[in-house]
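Trainee: Below are the sequence and a predicted model for it; my questions follow.
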Amino acid sequence: MSGFDFEQLYYLAIQNAPKKRKSDTNWVHVSRLGPSSTMARQICEYFGVDPEGTVFRKVEKMEV
């Protein structure tokens, strides 16, 4: 397989899966792919994606 590991492939699969509505929050989008709502939120947080956001992309960390 190419240079991807499991985490990268999983993230890309979630990111490329079509959303039903653009207004769906990210955790709802992930939960439609199988996991429960709690696990979907944890997956979003694990990948650095805002669970309450509507655009599935990693949140840039702000330096203080």
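Mentor: Happy to help now that I have it.
Trainee: in this structure, which residue is closest to the centre?
Mentor: For the chain, the residue nearest the mean C-alpha position is residue 44 (4.5 Å; C-alpha atoms, centre = their mean).
Trainee: That one belongs to a strand, doesn't it?
Mentor: No - using DSSP: H, G, I helix; E, B strand; the rest coil, the secondary structure at residue 44 is helix, not a strand.
Trainee: pLDDT wise, what is it at?
Mentor: As predicted, residue 44 sits at a pLDDT of 94.
Trainee: Residue ranges in this protein under the pLDDT threshold?
Mentor: Low-confidence segments of the chain (pLDDT under 70): 1-2, 61-64.
Trainee: who touches residue 26 in this structure?
Mentor: Counting by C-beta atoms under 8 Å, 6 or more residues apart in numbering, residue 26 touches 44, 49, 50, 51, 52, 53, 54, 55, 56. (Glycine included, C-beta is placed from N, CA and C.)
Trainee: Pull out the buried residues from those.
Mentor: The neighbour count (16 or more other C-beta atoms under 10 Å) marks 44, 49, 50, 51, 56 as buried among the contacts of residue 26.
Trainee: So which of these belong to strands?
Mentor: If you go by DSSP state E, these have nothing in strands.
Trainee: Check which helix or strand residue 11 maps to.
Mentor: Secondary structure from DSSP states H and E places residue 11 in helix 6-16.
Trainee: which is the next helix or strand following that helix?
Mentor: Sequence order places helix 26-31 as the next helix or strand after helix 6-16, per DSSP H and E.
Trainee: in stretch 5-19, what's buried?
Mentor: Result for stretch 5-19 [16+ other C-beta under 10 Å]: buried residues 11, 14.
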